[in-house]
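A.B. asks: Whatever this is, show me its structure:
(2 chains)
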There are 2 protein chains.
Amino acid sequence: MSNLNHLEAIRIALSHKKLKRVGKILHRMHPAKVAGLLEALPPVERLSVWSMVETERAGRILTYLHDEIRVALALELDLEDLIASAQHLELDDRVDLIQTLPSDLGNKLLRASSASQRKQLESMLAYPEDSAGGLMDADAIQIRADVKVSTVLRYLRLLETLPAHTDMLMVVDRKGHYQGGLRLSTLVTADLDRAVADVLDADIAGIAVTTEGSDVARLFQDHDLLSAPVVDEHNRVIGRITVDDVVDLIREDSDRALMHMAGLDDEADMFAPVLVSSRRRAVWLGINLITAFSAAWVIGLFQATLEQLVALAVLMPIVASMGGIAGSQTLTLVIRGLALGQVQKGNIRILLNRELGVSILNGLLWAVVIALLAVAWFGNWGLGAVLGSAILINLLCAALAGWAIPLILDRMGIDPALAGSVILTTVTDIVGFFAFLGLASVLLL
Amino acid sequence: MSNLNHLEAIRIALSHKKLKRVGKILHRMHPAKVAGLLEALPPVERLSVWSMVETERAGRILTYLHDEIRVALALELDLEDLIASAQHLELDDRVDLIQTLPSDLGNKLLRASSASQRKQLESMLAYPEDSAGGLMDADAIQIRADVKVSTVLRYLRLLETLPAHTDMLMVVDRKGHYQGGLRLSTLVTADLDRAVADVLDADIAGIAVTTEGSDVARLFQDHDLLSAPVVDEHNRVIGRITVDDVVDLIREDSDRALMHMAGLDDEADMFAPVLVSSRRRAVWLGINLITAFSAAWVIGLFQATLEQLVALAVLMPIVASMGGIAGSQTLTLVIRGLALGQVQKGNIRILLNRELGVSILNGLLWAVVIALLAVAWFGNWGLGAVLGSAILINLLCAALAGWAIPLILDRMGIDPALAGSVILTTVTDIVGFFAFLGLASVLLL
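C.D. replies: Here you go, the predicted structure:
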């Protein structure tokens, strides 16, 4: 509600050219809200608003934006302002920013960092964005297992501040090998004379630096972690991942699945120039046109049949449509099961049997219902029988295709959410039209 | 990978009736993994495995399961085992369990809790599951603003342990009104003689107990929170929400959107009995049948036209299909924008103009391409012109419908992901067939 008011208030201020008022409104908003507001504005107004953001807040705001808008707005800043704004960021956010910018600009940002930070940044940049190494921050506080709780407390007080989101210290042995985590909540309640080794939590496993982002997210979710150490191949702590970055990752993953299913880019600007959006979406329409023409081609094979019995043309979309719906239910179930790790080698056959069972029951039910409706409409029992049979055949094929397509795509390393439903529709359209018109031409003419 | 091996290992052990080996494997697994494994098993094997779970771990495992399986497995336990297993749960998880169980069983669980816990549980149960009150735990540690850091540390040491996921203490004034948060990371670095009032973080806002779950999730994400206080209408702290519950909420929300778009229930068992699954999915197929028959009815209006020019029957699915694809792109964009709060009253008109612009450009492009393909196929220029015009009309209507449908559903309080695409397809099918066949009957015959 308040955000809605912000958007309207800012658009009114802009229309009256009152930029100072815009600056005042922005100043009172959290950087995440400012980012949301920028994304909700059309490009021209967005640039006016962006020009009123304080430099020291610009970096934080950039980290909350989707890639396309982030790059566009970063390029609007003078280089020195961009560098200054990046200085206010945590290292993992700075890495994220550098990775999305064009490489020459990213390099300038990297070179502008202090020598020690640059070394850390470079080591973090060496890992893929979507891995434990890409998600980690290099600011883990390490303590030795053989010191006392009181010593740790004295040491922390010398540091004066701890990195943001520190809920745990990483305990290492003399050689720097990771031993376990010492939670701050344990530290403040533990007996001052006990050794760290006695109060650490050895159950908090180190995450290997090469672990994939989705597995990191699963670990955090299953173990209710707030932060976790990242270790190299020698079990030495090289960083830590905090839950706030994992939350972003989970949100982005779900966002991506939704957008990919419609052939959209999840990092794109909702208000990108019409020509740019049109070109991007044209690709998806073009791919789907292949599906549509394949279906038309199948129908074309039966032109003579259709000429003799035009009721077939009236009823044929029903066969294709029911198959598509039933198939997409199986498809979605398998895609979800793959994402949650519940569809595995050990149970894919059981799942297929179940899906076939469901499709036989629903196929029989709807075959009868639809056949009777068709008979009532056209008064032709043969037509009803052919229609019902085609529905049953298509629902069975839809279950098989909805089960097999995501498994095959997954094994090929292709995101099933992106390509799955196009392929499925192609199958259910072709099978549906072929079964219905083929049976009709054999049995009815 | 290891989970895959677990599933296969357990199924092999089961097939050899070696239940003790199953128990051993389970014992080594994290409760979340056990839950994942149970969900990946067909019902009969699932019950065998469940019988081998230790009682003290059963409660934790139940909290990780989807509702349908959770209820089924909870009902398998003896009442006393269920009560015993629930004792090991944090209060918010216990509330969650009570809420999903049949009410008589939930009440028994409630009555079995100690008097003080029952009072807390009852106050938590009074709030909707998906609100700040339903998400909160009642275990917030409150300290007074006027005491010294050293006093707080002494107090905490007396408590011996802090509730899980404590990263922050809630600071209140003499009357219990919330003042701000004192992070443990500040506490361990702050000067011992300073007053809490000087080191607290007043920016950490209290969340009103009635706040909706999705708004809580947004707050946590935008402000990178690990935990946050929940306050009543008098600004008194009544609990706290921890990020682990928010992570679950975000994951469930995205899961629900994906499943709802295919008309599936996100809490249902993947291995529910075939008859149960069939009945559930039949509803969705039945709803879609209305769409399919509406489209067939429109085609039926033009039977005479189709009889004269059978090429129309061949090409008509292309018009409907292209409209459906283009419309679902706009629909998804608006649904996503609504979920992220980026589509608002202040910019919905701009968005409509953009979507119409995109659909005109893509409509013109694909109208020409498809028209030319049709002319090449059937050698009929008039047919090509009619087809192209119908594509253009349908893409324009698709953009309008894809924009309007989610906005209307959202205002009516209906989840646009659940009903949006069915309604959209109905519109694009009807408009597509009507435009194509209508134009053809007027212009070509």
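A.B. asks: Show me which residues of the stretch 1-150 of chain A sit near chain B.
C.D. replies: Within the stretch 1-150 of chain A, the positions lying close to chain B (C-beta under 8 Å from any C-beta of the partner chain) are A:3-4, A:7-8, A:11, A:30, A:32-33, A:36, A:39-42, A:64. Bear in mind the C-beta positions are built from the backbone N, C-alpha and C, glycine included.
A.B. asks: what's the most distant pair in those?
C.D. replies: Spanning the widest gap among the residues of the stretch 1-150 of chain A next to chain B are A:H30 and A:P42, at 22.4 Å by C-beta to C-beta.
A.B. asks: low-scoring pLDDT stretches of chain A, where are they?
C.D. replies: Within chain A, the stretches with pLDDT under 70 are A:1-4.
A.B. asks: Quick check: the residue of it nearest chain B.
C.D. replies: Of all residues in chain A, A:S254 sits closest to chain B, at 2.8 Å by C-beta to the nearest C-beta.
A.B. asks: isn't that residue right next to B:R256, touching?
C.D. replies: No - using C-beta atoms under 8 Å, A:S254 is not in contact with B:R256, being 9.9 Å away.
A.B. asks: Among the two, which residue is more densely surrounded?
C.D. replies: A:S254 (21 against 18; other C-beta atoms under 10 Å in any protein chain shown).
A.B. asks: can you tell me how far the closest residue to that one other than its chain neighbours sits from A:A217?
C.D. replies: Among residues not flanking A:S254 along the chain, B:S254 sits closest, at 2.8 Å (C-beta to C-beta, 6 or more residues apart in numbering or on different chains). For B:S254, the distance to A:A217 equals 12 Å [C-beta to C-beta, to the nearest Å].
A.B. asks: list the residues that contact both of the two?
C.D. replies: Listed contacts common to B:S254 and A:A217 are A:250, A:253; contacts here mean C-beta atoms under 8 Å, 6 or more residues apart in numbering or on different chains.
A.B. asks: Would you mind splitting chain A into its domains for me?
C.D. replies: As given by automatic domain parsing, the domain ranges for chain A are A:2-127, A:142-261, A:274-443.
A.B. asks: Going along the chain, name the strands of chain A.
C.D. replies: A:142-144, A:168-172, A:178-183, A:207-208, A:227-231, A:237-242 (DSSP state E).
A.B. asks: touching chain B at all, the second one?
C.D. replies: No - contact of strand A:168-172 with chain B is not found when judged by C-beta under 8 Å from any C-beta; the minimum separation is 9.4 Å.
A.B. asks: How about that strand, which residues are buried there?
C.D. replies: Buried residues in strand A:168-172, counted by 16 or more other C-beta atoms under 10 Å in any protein chain shown: A:168-172.
A.B. asks: That strand to strand A:227-231, inter-axis angle?
C.D. replies: On the basis of axes from the mean of the first three to the mean of the last three C-alpha atoms, to 10 degrees, strand A:168-172 is oriented at 30 degrees to strand A:227-231.
A.B. asks: And strand A:168-172, what does it pack against?
C.D. replies: Packing partners of strand A:168-172 (3 or more C-beta pairs under 8 Å, 6 or more residues apart in numbering or on different chains; DSSP states H and E): strand A:142-144, strand A:178-183, helix A:184-187, strand A:237-242.
A.B. asks: now swap in the last one and tell me
C.D. replies: Strand A:237-242 sits against helix A:132-135, strand A:168-172, strand A:227-231, with contacts defined as 3+ C-beta pairs under 8 Å, 6+ apart.
A.B. asks: What is the nearest of the buried residues of strand A:168-172 to B:W403?
C.D. replies: A:M168 (47.3 Å).
A.B. asks: now stretch A:37-53, how far from the centre of its chain.
C.D. replies: Between the centre of stretch A:37-53 and the centre of its chain there are 25 Å (C-alpha atoms, centre = their mean, to the nearest Å).
A.B. asks: Can you check the distance spanned by it, start to finish?
C.D. replies: For stretch A:37-53, the first-to-last residue distance is 12 Å (C-alpha to C-alpha, to the nearest Å).
A.B. asks: which stretches of the stretch 1-150 of chain A form helices?
C.D. replies: According to DSSP state H, counting those that start in this stretch, the stretch 1-150 of chain A carries its helices in the segments A:2-15, A:19-27, A:31-39, A:43-50, A:55-64, A:67-76, A:79-86, A:91-100, A:103-111, A:115-125, A:132-135, A:149-159.
A.B. asks: As TSV, those with mean neighbour count would be great.
C.D. replies: As requested, the helices of the stretch 1-150 of chain A are exported to TSV (neighbours: other C-beta atoms under 10 Å in any protein chain shown):
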stretch	mean neighbour count
helix A:2-15	16
helix A:19-27	15
helix A:31-39	22
helix A:43-50	16
helix A:55-64	20
helix A:67-76	18
helix A:79-86	17
helix A:91-100	21
helix A:103-111	14
helix A:115-125	15
helix A:132-135	25
helix A:149-159	15
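A.B. asks: Rebuild the ones you listed as JSON lines, extending it with distance to A:L395.
C.D. replies: Below are the helices of the stretch 1-150 of chain A laid out as JSON lines (distance: least, C-beta to C-beta, whole Å):
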{"stretch": "helix A:2-15", "distance to A:L395": "45"}
{"stretch": "helix A:19-27", "distance to A:L395": "55"}
{"stretch": "helix A:31-39", "distance to A:L395": "42"}
{"stretch": "helix A:43-50", "distance to A:L395": "47"}
{"stretch": "helix A:55-64", "distance to A:L395": "45"}
{"stretch": "helix A:67-76", "distance to A:L395": "41"}
{"stretch": "helix A:79-86", "distance to A:L395": "56"}
{"stretch": "helix A:91-100", "distance to A:L395": "45"}
{"stretch": "helix A:103-111", "distance to A:L395": "51"}
{"stretch": "helix A:115-125", "distance to A:L395": "51"}
{"stretch": "helix A:132-135", "distance to A:L395": "43"}
{"stretch": "helix A:149-159", "distance to A:L395": "64"}
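A.B. asks: My guess is A:E307 contacts B:V310. True?
C.D. replies: Yes - if you go by C-beta under 8 Å, A:E307 and B:V310 touch, sitting 4.8 Å apart.
A.B. asks: more crowded one of those two?
C.D. replies: Comparing A:E307 with B:V310 by other C-beta under 10 Å, the one with more neighbours is B:V310, at 20 against 16.
A.B. asks: any idea how far chain A is from that one?
C.D. replies: Using C-beta to the nearest C-beta, to the nearest Å, one obtains 5 Å as the distance from B:V310 to chain A.
A.B. asks: which residues touch that residue?
C.D. replies: B:V310 makes contact with A:303, A:306-307, A:310, A:313 under the criterion C-beta under 8 Å, 6+ apart.
A.B. asks: go with 6 Å
C.D. replies: A:303, A:306-307 (C-beta atoms under 6 Å, 6 or more residues apart in numbering or on different chains).
A.B. asks: Check the burial of A:V237 by counting its neighbours.
C.D. replies: For A:V237, using other C-beta under 10 Å, the count is 21.
A.B. asks: Is it bridged to anything, and to what?
C.D. replies: Per DSSP bridges, the residues bridged to A:V237 are A:V231.
A.B. asks: isn't it right next to A:V230, touching?
C.D. replies: No - using C-beta atoms under 6 Å, A:V237 is not in contact with A:V230, being 7.2 Å away.
A.B. asks: Can you tell me the closest non-neighbouring residue to A:P273?
C.D. replies: Spatial nearest neighbour of A:P273, chain neighbours left out: A:P43 (7.3 Å); criterion: C-beta to C-beta, 6+ apart.
A.B. asks: before we move on, the earlier item: show me the one of the helices of the stretch 1-150 of chain A that comes nearest B:I405.
C.D. replies: helix A:2-15 (20.7 Å).
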